[in-house]
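A.B. asks: sequence unknown, structure follows:
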Ligand SMILES: *Cc1c(COP(=O)(O)O)cnc(C)c1O
């Protein structure tokens with residue numbers, strides 16, 4: 001059994017805070033500060049440029065990628081780190097489209113995160129080959145997988161509602177129609193069990209600053225199924241994805257396997273923080289994490305529904321159809337979220353009316369859930385949200 005008291009002790013959480021926003025930015029793993037200090041002083045400070053070889057900076061994107069791979073059902077050498085998730089979406093989609101040159105439709109859903117859709121639009125413009133981004137309701141996806149579809153591009157867990165797609169079934173349907181799949185695991189990696197190999201996924205991407213606690217701006221990852229890894233031609237053909245970067249050849253030659261999805265110089269400091277954050281997972285069984293996420297979520301939903309009749313559950317009621325977050329609709333959700341934050345219970349708000357709560361068993365327990373539900377009830381039933389101070393919108397909601 002996973003010891004969740006032990007994992008909670010591995011995080012720095014500010015005094016008096018219940019943190020229900022680990023689905024947006026994970027908290028600081030205690031080991032990360034020390035590790036970064038070590039890399040800054042002992043490696044950057046002392047080794048200077050020799051750190052690329054002596055401290056293994058150059059291999060870090062693949063080494064850390066292997067650690068992520070263990071959490072998402074990928075084998076060593078199939079995942080590489082770098083850039084941001086938006087960039088990785090672009091790369092994966094471009095690679096997948098190039099493998100289906102006779103088709104023009106990218107199928108996605110309206111629950112997808114806007115940046116994924118924006119990147120697809122930009123790629124379509126750059127290609128100039130008349131591709132179409134077809135966005136349908138999440139429940140319509142399966143029915144819309146036709147033989148026009150080149151790529152099915154979905155985020156497995158909806159960032160607003162937490163609705164979970166059936167990755168294995170949709171991948172199977174896509175393959176049956178001759179299409180490829182790009183899965184965005186932004187709200188899956190570290191949140192729910194993922195097995196890319198079993199699901200037969202072609203490409204997968206994700207960020208590491210949410211449920212993986214890698215820190216603000218932590219590098220993203222990309223997975224390429226081994227059957228495609230040596231066939232794809234990178235759209236972003238940077239020198240570190242070249243077969244021999246230090247030969248400085250004038251023409252691009254793609255590197256071996258997923259390493260060709262590297263672009264430029266890796267973010268060494270950010271990778272060090274992420275590497276330390278991944279140590280937390282060493283003693284964690286994903287099945288235990290999932291069971292505890294579901295039980296904490298059920299506890300939260302029952303308590304909130306019993307005490308706050310003005311809130312409507314926006315997440316699927318069936319825990320099997322939900323990721324690791326719970327969302328409620330409330331017209332004054334923005335102000336209510338600000339009032340919650342002012343009382344040390346941190347969730348977030350997504351327009352137009354979603355109050356979102358990440359349920360992260362690594363550092364949340366029953367006491368936290370009960371306090372969050374009780375504080376929410378006080379705010380709703382005392383109309384504490386109805387205060388101009390809570391209505392001013394900040395740039396980041
Ligand atoms: C968080 C998130 C992003 C953010 O992309 P960045 O490039 O890291 O800013 C993109 N897509 C999805 C599905 C997300 O949940």
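C.D. replies: Arrived safely. Keep in mind the model is a prediction, meaning the values are calculated, not measured.

A.B. asks: ok, residue 324 to the ligand distance?
C.D. replies: Residue 324 is 13 Å from the ligand, where distance means CB to the nearest ligand atom, to the nearest Å. In short, each C-beta sits where N, CA and C put it, glycine included.

A.B. asks: State whether that residue and residue 357 are indeed in contact, as I suppose.
C.D. replies: No. Counting by CB atoms under 8 Å, residue 324 does not reach residue 357; the two are 10.1 Å apart.

A.B. asks: and the stretch 101-250 of the chain, which of its residues are near the ligand?
C.D. replies: Within the stretch 101-250 of the chain, the residues that sit near the ligand (CB under 6 Å from any ligand atom) are 113, 115-116, 155, 159, 184, 186-187, 207, 220.

A.B. asks: And residue 324 and residue 357? Which one has more around it.
C.D. replies: residue 357 (31 against 27; other CB atoms under 10 Å).

A.B. asks: Can you spell out the domain ranges of the chain, please?
C.D. replies: By the assignment in automatic domain parsing, the chain contains the domains 32-281, 285-390.

A.B. asks: I'd like these as TSV, with mean pLDDT appended.
C.D. replies: Listed next are the domains of the chain as TSV, based on pLDDT from 0 to 100:
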stretch	mean pLDDT
domain 32-281	98
domain 285-390	97
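
A.B. asks: Let's have those in a markdown table, adding distance to residue 18.
C.D. replies: Shown next, in a markdown table, are the domains of the chain (distance: least, CB to CB, whole Å):
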| stretch | distance to residue 18 |
| --- | --- |
| domain 32-281 | 17 |
| domain 285-390 | 5 |
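
A.B. asks: Which among these is found nearest to residue 5?
C.D. replies: Nearest to residue 5, of all those, is domain 285-390, at 7.8 Å by CB to CB.

A.B. asks: Can you get me the start-to-end distance on the closest one?
C.D. replies: 40 Å (CA to CA, to the nearest Å).

A.B. asks: cool, and stretch 11-28?
C.D. replies: Start-to-end, stretch 11-28 (CA to CA) is 6 Å.

A.B. asks: Now that stretch: buried residues?
C.D. replies: Buried residues in stretch 11-28, defined by neighbour count with 16 or more other CB atoms under 10 Å: 11, 18-28.

A.B. asks: Ok, stretch 156-175 next?
C.D. replies: For stretch 156-175, using 16+ other CB under 10 Å, the buried residues are 156-165, 167, 170-171, 173-174.

A.B. asks: Same check on stretch 375-394?
C.D. replies: Under 16+ other CB under 10 Å, the buried positions of stretch 375-394 are 375-377, 379-380, 384-385, 390.

A.B. asks: Repeat that for stretch 27-38.
C.D. replies: Quick answer for stretch 27-38 (16+ other CB under 10 Å): 27-29, 31-32, 35-36.

A.B. asks: Show me what residue of the stretch 201-350 of the chain gets nearest to the ligand.
C.D. replies: residue 207 (4.5 Å; CB to the nearest ligand atom).

A.B. asks: burial measure for that residue, as a count.
C.D. replies: Neighbours around residue 207, by other CB under 10 Å: 22.

A.B. asks: Nearest to residue 266 among the buried residues of stretch 11-28?
C.D. replies: residue 26 (20.4 Å).

A.B. asks: In strands, which of the buried residues of stretch 11-28 appear?
C.D. replies: Judged by DSSP state E, these include 11, 18-19, 28 as members of strands.

A.B. asks: which residues does the residue nearest the centre of the chain contact?
C.D. replies: With distances taken as CA atoms, centre = their mean, residue 186 lies nearest the centre of the chain, 1.6 Å away. Applying CB atoms under 8 Å, 6 or more residues apart in numbering, one finds that residue 186 lies in contact with 85, 113, 155, 157, 159, 206-207, 210.

A.B. asks: One more: residue 323?
C.D. replies: Here residue 323 is in contact with 156-158, 162-164, 187-188, 191-192 (CB under 8 Å, 6+ apart).

A.B. asks: before we move on, the earlier item: of all the buried residues of stretch 11-28, which comes closest to residue 128?
C.D. replies: Nearest to residue 128 among these, with distances taken as CB to CB, is residue 24, at 35.2 Å.

A.B. asks: shouldn't residue 313 be in contact with residue 328?
C.D. replies: Yes. At 6.0 Å, residue 313 and residue 328 qualify as touching, with contact defined as CB under 8 Å.

A.B. asks: the more surrounded of these two?
C.D. replies: residue 328 (25 against 14).

A.B. asks: Just the element for the more buried one, please.
C.D. replies: Residue 328 is part of strand 325-329, with elements assigned from DSSP states H and E.

A.B. asks: Quick one: name whatever helix or strand follows that strand.
C.D. replies: Next along from strand 325-329, by DSSP H and E: helix 333-342.
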